[in-house]
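# Would you be able to build a 3D model of this:
(chains A, B, C and D)
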Protein chains: 2
Amino acid sequence: MSLRHAALGLLADGPASGYDLLKTFDRSLAFIWPATQSQLYGELNRLADDGLIEVSNEGPRGRKDYSITEQGRAELERWITDVEPDRIRRNEALLRVFFLGTVGPAHAKAYLEREATVHEDLEALLQTVERDTDWDTSDFNRYGHLVIESGRRYAHGQAQWAHWAATQVDNLETTEAPAQTR
Amino acid sequence: MSLRHAALGLLADGPASGYDLLKTFDRSLAFIWPATQSQLYGELNRLADDGLIEVSNEGPRGRKDYSITEQGRAELERWITDVEPDRIRRNEALLRVFFLGTVGPAHAKAYLEREATVHEDLEALLQTVERDTDWDTSDFNRYGHLVIESGRRYAHGQAQWAHWAATQVDNLETTEAPAQTR
DNA sequence: ATGATCATGTAAACTGTTACATGATTGT
DNA sequence: ACAATCATGTAACAGTTTACATGATCAT
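Just a heads-up that it's a prediction; the model follows:
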């Protein structure tokens, strides 16, 4: 139920409509917690039903600005300080690495070098974002900057790892056990 | 649909039952692609229906050993070499960092130091696994070793980041804009 | 007037989690 | 005999994605 708290967290920084939040999601939370329009609108209605946010303004085209309530603020704080984060991490790109033995050394190396490139590109992108953003405009942005830095380091580390892993492939394949038992 | 290919990939290394695969999941893929018993048994039946695996042996207690078929091997290779991996990464612990401005500097620092500890513990665990495992027994293990190394580096990097981020909190909070507009 | 953008919603399909259910076999 | 483990399956629920649907308002 993290989307719920993500929306709550964004509204803690100031009132916004679903449409606004969606853009914020795409700009800032997208790499950490993507959300679709469909999902977000549904969650906002549920949050409002539960009294954690409320419609503070209605605008043209059916626009609804939501504000966080006291109850919502309390719930957000509780979530951050008292609830142990879910540590589940799914990574499809790494999952494939387990199975690189089935495609042969050339494909395996190509796969790993591609991973290196992808992460180098990501690092470059995050560096640009880091440089071109004014981080000192809100708590959300100030702390968001820390998250971007985490991502940058991650991308850098993965790229380095992938290059290294590619050099290991020949080792792995020549060390291969004499007869495959299957 | 990665669970499907994860199961296929494990069976590429040799025949196994759902029960066996579940143990392998828990031991090796758990941190990258966790699966529940319920999910796995269902997927195996679907894979068999689609001809990507087949029941190669039936044992006591209704045990069914599955083997990968030629068609299954082809699909696995196609997936690894031709299908661009899904890059979606969800990370609840990092999501919370965006919202640390709402809980005050003391809680924020405590949160980040706890993240550091969690990742140091993870690094230590992976180091132990790395040391105590005989990696040279199958392609799956050899390439799995590369994944463990990736995880170890990740854990190390995240721990370092978290310590650094904790030192930044006071900076962020003192730089705070004069009057919060809300 | 009309195309772009703003703005929200619903339905179906799919994926993943939790809980329940059942029973066979093995080791002590 | 009985506890532990082996072994598979189903059902209900929660979360996510994709596609469809609708219409208002704004700028040119």
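# okay, CA-based contacts and neighbour counts for the rest of this
Will do.
# so what are the domain limits for chain A?
Structural domains assigned to chain A are A:2-82, A:92-171, following automatic domain parsing.
# what's the distance between the first one and the middle of its chain?
Think domain A:2-82. 17 Å (C-alpha atoms, centre = their mean, to the nearest Å).
# Mind checking the pLDDT average for that domain?
If you average the pLDDT over domain A:2-82, you get 96.
# how about the residues of chain A near DNA strand C?
Residues of chain A found near DNA strand C (C-alpha under 7 Å from any atom of the strand) are A:17-20, A:37-39, A:41-42, A:44-45, A:59-65.
# residues contacting residue A:13?
By C-alpha atoms under 8 Å, 6 or more residues apart in numbering or on different chains, the contact list for residue A:13 reads A:138, A:139, A:140.
# other SSEs contacting the longest helix along chain A?
Looking across chain A with DSSP state H, the single longest helix is helix A:139-174. In terms of contacts (3 or more C-alpha pairs under 8 Å, 6 or more residues apart in numbering or on different chains; DSSP states H and E), helix A:139-174 is packed against helix A:105-132, helix B:92-97, helix B:139-174.
# Of the residues of chain A next to DNA strand C, grab the buried ones for ChimeraX.
This is how ChimeraX selects the buried members of the residues of chain A next to DNA strand C, with burial counted by 16 or more other C-alpha atoms under 10 Å in any protein chain shown:
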select /A:17,18,41,44,45,64,65
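# Keep only those of the residues of chain A next to DNA strand C that are in strands.
A:17, A:64, A:65 (DSSP state E).
# Could you check how far the nearest residue to the second one once chain neighbours are set aside is from residue A:18?
Closest residue to residue A:64 apart from its sequence neighbours, by C-alpha to C-alpha, 6 or more residues apart in numbering or on different chains: residue A:58 at 4.6 Å. As judged by C-alpha to C-alpha, to the nearest Å, residue A:58 and residue A:18 stand 12 Å apart.
# can you list residues touching both of those two?
What both residue A:58 and residue A:18 touch, as defined by C-alpha under 8 Å, 6+ apart, is the set A:64, A:65.
# give me phi/psi at the residue most central in space within chain A?
Taking C-alpha atoms, centre = their mean as the criterion, residue A:32 is the residue nearest the geometric centre of chain A, at 1.2 Å. As for residue A:32, its main-chain torsions (degrees, to the nearest 10) stand at phi -110, psi -40.
# where does chain A come near DNA strand D, residue by residue?
So chain A meets DNA strand D at A:1, A:2, A:3, A:34, A:35, A:36, A:37, A:38, A:39, A:60, A:61, A:62 (C-alpha under 7 Å from any atom of the strand).
# Looking at residue A:129 now. What's its pLDDT?
93.
# do residue A:119 as well
Looking at residue A:119 specifically, the model assigns a pLDDT of 98.
# OK, contacts around it?
Residue A:119 neighbours (C-alpha under 8 Å, 6+ apart): A:155, A:156, A:158, A:159.
# Make JSON lines from those and add neighbour count and pLDDT to it.
Shown next, in JSON lines, are these (neighbours: other C-alpha atoms under 10 Å in any protein chain shown; pLDDT from 0 to 100):
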{"residue": "A:155", "neighbour count": "23", "pLDDT": "98"}
{"residue": "A:156", "neighbour count": "19", "pLDDT": "98"}
{"residue": "A:158", "neighbour count": "23", "pLDDT": "98"}
{"residue": "A:159", "neighbour count": "24", "pLDDT": "98"}
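# Make sure residue A:151 is actually in contact with residue A:126.
Yes. With contact defined as C-alpha atoms under 8 Å, residue A:151 reaches residue A:126; the gap is 7.4 Å.
# Now do the contacts for residue A:77.
Contacts of residue A:77 (C-alpha under 8 Å, 6+ apart): B:102, B:103.
# In chain A, which residue sits closest to DNA strand D?
Closest residue of chain A to DNA strand D, C-alpha to the nearest atom of the strand: residue A:1 (3.6 Å).
# I'd like to know how many residues surround that residue.
Counted with other C-alpha atoms under 10 Å in any protein chain shown, the neighbours of residue A:1 add up to 7.
# Tell me who's in contact with the closest residue in space to residue A:172 that isn't next to it in sequence.
Counting by C-alpha to C-alpha, 6+ apart, residue B:142 is the residue found nearest to residue A:172 once chain neighbours are left out, at 6.4 Å. Contacts for residue B:142 (C-alpha under 8 Å, 6+ apart) come out as A:172, B:135, B:136.
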